[in-house]
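Student: here is my input; please provide its structure:
(chains A and B)
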Amino acid sequence: MADRIFITSPALSCALGDRLDTIRHALQYPNISIGIREVLVEKQALPYYATPDSSLDSETAFLSQLEHVVTQTLNSAHLNKAERATTGVFVGSTSMDISLREQAFLRHSTKTELPGSDGSSIGNIPAYLARLFGLGHVHISISTACTSSSIALIEGMSMIKAGLIERALIVGVEGFNYLTLCGFDSLLLLSKSLKPFDKHREGLILGEAYASLLLEKESKKNNKPLELLGGAVATDTESISGNNTGGEIPARTMAQALHASQISATEIKAIKAHGTGSVTNDLSEAQAISQVFGPILPPITAFKPYVGHTLGASGITELILLSLALEAGFIPKTPGFQAEDPALKIKPTTHTLPSESGAFLLNAFGFGGSCCSYVVSNLK
Amino acid sequence: MTIYIQFSNFFVCEKSTDLTALKNELPATVRKSLRKSSRFSLIAAQPLANNLNQLYRDEMSGLYFASERGPLANTEACLQDFKQGTWQLMPFSFLNVGINSACFDIAQLVNINGKSLALSDADQGFATALQIACNDLRSKAVSSALVGTVDEHLNQSAIFTAPSHSHGNTNDSAAWMNLTLNSESALAKLDGIYHFSTPQHAETWLHRQTYDENHFFTLPYTLKEKSLTPPDGLTEYQHPATKTLFTTAQGVKLAAFVKETSNGCLFHITKGARGAMTIVKVST
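Tutor: Numbers count the residues shown, from 1 in each chain, chains lettered A, B, ... in the order given. Okay, here's the model as predicted:
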């Protein structure tokens, strides 16, 4: 029998806070002004979902928040030294350590490397964490834009199933940096409000997040961890900055994820949409969902109005948000949604719903045509 | 399940080679589709652009793209603009800073809609990309795999530190290999990918293998002055193109061996972070 892979020991620092109980409460009783700040760029104020200890203000916040979430995950999992040594490290991020390099260059005109680095590489974060926490010798950084940490999750599962590691530490990290904020501004994708799938959606608001969890064949502590059933990755070569609005490749990705998970569309209890709030990407995702699920849709929820678009970290950040809600028996509503868009044929849930046990589909789509979908289950 | 290498090619160029010169190396049809691409993407495209008909691919093919630093010239150009007070970026100046953008350019060039991913794993990114591709081929997640590695020179980088042993002399390079489960017309067989937690463990394993005059090894530059001594009887594979490469050179050496050697066996030794070692063994 194939190994079953469980998602355990989550830890998260995002605009909703860095304590899981606080974050869960905010999902249940949303107040969408939480965490939104304004960043001044050339007299222009750009909204941004900052963490409580944002790297916006501090040169040390990036590493301290990264270390904080990983410490929480490893402490929660009670891994001994030998178990840590057989744990692979997978980091998903769009900007990797650019927060540090940008601050060093802009503020001090210097170069910087992560402490203890034995090379100069964007892939140094996993090795840094492995060195700090005594983890194993598999260290992989995935940088596929907004799908990065979702694909890190898929690759972690694949490496465990291939017998190359016993368990995987999956980390999603996206620290504040001007390069990303100004870049998205140049693409005219930023908005003052975030309204996924709304008729009047105008774009997205970026955010920072540090997220961490383990993939394990069994859990020492949590009696009801989510199981990662399977996933799929595909590439839409239509445009570098968005998927085909017909949604063909995203639909294929979802269908393949269901197939890999041996689950039918009718068994999905809810969909965690990518839901960026951008005009074309929401259209593409909506078309894809309709193609896969037909007219009878499960509840759809989107989390970016809570934490912003945390780019490469969004995959496991939003997985952790879903897992916190499911543990407490609810599916969060999508704040900000007001008006249905007839072109989309779908709408996210506008009320907090009780959750059922079963399978849940999670989507992530990113620049460079990257599409990733996967299925988790909260059945025992 | 045996993995075969159907195609292998590499490209090395001087750091002074500009965008126009790189574009001129490409076929006209390709040049058009890459007109907004970065220099990094153009370097990545070089080993493939004139050989598209040699690549095995279908709708389930996967693309695996490794880089140690990504398009650093583009990243630095944006940061230099900020430093000079220009905060308004041009859209493609920003889009071209990500390795996923170059991955997209290659996916579009070779028409791959299956799985694609861009990754980094210090000096052994190419070996790691090969490992992931092999996992996916064996699990049937992909039907064939195009695996590549690309990096730009580090000579005047304002944000990345050049390796001390490079003496400030590094070049740009790219390497690609096409993997399938089909032995027909294959250039080489991928015998195995072996992982070790220390150079000493890798050395012990190497000393247990048997060799003849057709067996070769490659060593990463970072290990040359250090602690891995290959066994007697194993010859170092030298290729003139790799003399001024210090990171991605690892992938170039492997691709060059597969492309240019017949009836040989290579132990391609790479070093990751914290002393982790990977040995890729191929037979041509």
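Student: where in the chain is pLDDT low?
Tutor: All of this is about chain A. Counting by pLDDT under 70, the low-confidence segments of chain A come to A:1-2, A:32-34, A:118-119, A:219-223, A:380.
Student: switch to chain B, please.
Tutor: Counting by pLDDT under 70, the ranges of chain B that qualify are B:163-169, B:222-226, B:243-249.
Student: check it for its longest strand and report it.
Tutor: strand B:3-13 (DSSP state E).
Student: which elements pack onto it?
Tutor: helix B:39-49, helix B:125-138, strand B:172-180, strand B:188-196, helix B:249-260 (3 or more Cβ pairs under 8 Å, 6 or more residues apart in numbering or on different chains; DSSP states H and E). C-beta here means a position set from N, CA and C on the backbone, and glycine is covered the same way.
Student: past the longest one, which element shows up next along the chain?
Tutor: Pointing back at helix B:125-138 there. strand B:145-151 (DSSP states H and E).
Student: walk me through which strands that next one pairs with, and which way each runs.
Tutor: strand B:62-66 (parallel), strand B:172-180 (antiparallel) (DSSP bridges).
Student: I'd like those strands as JSON lines, with mean neighbour count appended.
Tutor: Below are the strands paired with strand B:145-151 laid out as JSON lines (neighbours: other Cβ atoms under 10 Å in any protein chain shown):
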{"stretch": "strand B:62-66", "mean neighbour count": "28"}
{"stretch": "strand B:172-180", "mean neighbour count": "28"}
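Student: could you export those to TSV, including columns for distance to A:Phe303?
Tutor: Output for those, formatted as TSV (distance: least, Cβ to Cβ, whole Å):
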stretch	distance to A:Phe303
strand B:62-66	29
strand B:172-180	37
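Student: so which of these is nearest B:Glu25?
Tutor: Evaluated over the strands paired with strand B:145-151, closeness to B:Glu25 peaks at strand B:172-180, with 11.9 Å, by Cβ to Cβ.
Student: now the angle from that closest one to helix B:249-260?
Tutor: 50 degrees (axes from the mean of the first three to the mean of the last three Cα atoms, to 10 degrees).
Student: any idea of the angle strand B:172-180 forms with strand B:188-196?
Tutor: 110 degrees.
Student: export strand B:172-180 to PDB, keeping only CA atoms.
Tutor: The C-alpha trace of strand B:172-180 is given here as PDB (Å, rounded to 0.1, in the frame of the first residue of the first chain):
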ATOM      1  CA  ASP B 172      27.600  32.500 -18.700                       C
ATOM      2  CA  SER B 173      26.300  29.000 -19.500                       C
ATOM      3  CA  ALA B 174      23.400  26.800 -20.100                       C
ATOM      4  CA  ALA B 175      22.900  23.000 -20.400                       C
ATOM      5  CA  TRP B 176      19.900  20.900 -21.300                       C
ATOM      6  CA  MET B 177      19.200  17.200 -21.400                       C
ATOM      7  CA  ASN B 178      16.000  15.400 -22.600                       C
ATOM      8  CA  LEU B 179      15.000  12.300 -20.700                       C
ATOM      9  CA  THR B 180      12.600   9.500 -21.500                       C
END
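Student: buried residues in stretch A:62-74?
Tutor: Across stretch A:62-74, burial judged by 16 or more other Cβ atoms under 10 Å in any protein chain shown covers A:Phe62, A:Leu63, A:Gln65, A:Leu66, A:Glu67, A:His68, A:Val69, A:Val70, A:Gln72, A:Thr73, A:Leu74.
Student: switch these over to TSV; also include distance to A:Gly123 and secondary structure.
Tutor: Output for the buried residues of stretch A:62-74, formatted as TSV (distance: Cβ to Cβ, whole Å; DSSP: H, G, I helix; E, B strand; the rest coil):
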residue	distance to A:Gly123	secondary structure
A:Phe62	16	helix
A:Leu63	16	helix
A:Gln65	20	helix
A:Leu66	15	helix
A:Glu67	18	helix
A:His68	22	helix
A:Val69	19	helix
A:Val70	16	helix
A:Gln72	23	helix
A:Thr73	20	helix
A:Leu74	21	helix
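Student: next, the closest residue to B:Ala162 other than its chain neighbours: phi, psi?
Tutor: Ranked by Cβ to Cβ, 6 or more residues apart in numbering or on different chains and with sequence neighbours excluded, the top spatial neighbour of B:Ala162 is B:Leu154, at 4.1 Å. Here is the backbone geometry of B:Leu154 (degrees, to the nearest 10): phi -110, psi 10.
Student: same deal with the one 5 residues further on?
Tutor: The phi and psi torsions at B:Ile159 (degrees, to the nearest 10) take the values phi -120, psi -10.
Student: that one and B:Gln80 touch, don't they?
Tutor: No. If you go by Cβ atoms under 8 Å, B:Ile159 and B:Gln80 don't touch, sitting 9.9 Å apart.
Student: for whichever residue of the stretch 101-250 of chain B sits closest to chain A, give me phi and psi.
Tutor: Proximity of the stretch 101-250 of chain B to chain A (Cβ to the nearest Cβ) peaks at B:Ser120, 2.8 Å away. Main-chain dihedrals, B:Ser120, degrees, to the nearest 10: phi -140, psi 140.
Student: that one: what's it in contact with?
Tutor: Neighbouring residues of B:Ser120 by Cβ atoms under 8 Å, 6 or more residues apart in numbering or on different chains: A:96, A:121-123, A:140-141, A:143, B:66-70, B:99.
Student: quick revisit: out of the helices and strands packed on strand B:3-13, which is the most enclosed?
Tutor: Here the criterion is mean neighbour count by mean count of other Cβ atoms under 10 Å in any protein chain shown, and of the helices and strands packed on strand B:3-13 the winner is strand B:172-180, at a mean of 28.
Student: now do the SS call for the residue located most distally from the centre of chain B.
Tutor: Relative to the C-alpha centroid of chain B, counting by Cα atoms, centre = their mean, B:Gly85 is the outermost residue, at 35.9 Å. The local conformation at B:Gly85, judged by DSSP: H, G, I helix; E, B strand; the rest coil, is coil.
Student: same deal with A:His259?
Tutor: A:His259 ends up helix, using three-state DSSP.
Student: returning to that earlier point: so what's the residue of the stretch 101-250 of chain B closest to chain A closest to, chain neighbours aside?
Tutor: Distances taken as Cβ to Cβ, 6+ apart place A:Gly123 nearest to B:Ser120, at 2.8 Å, with adjacent residues excluded.
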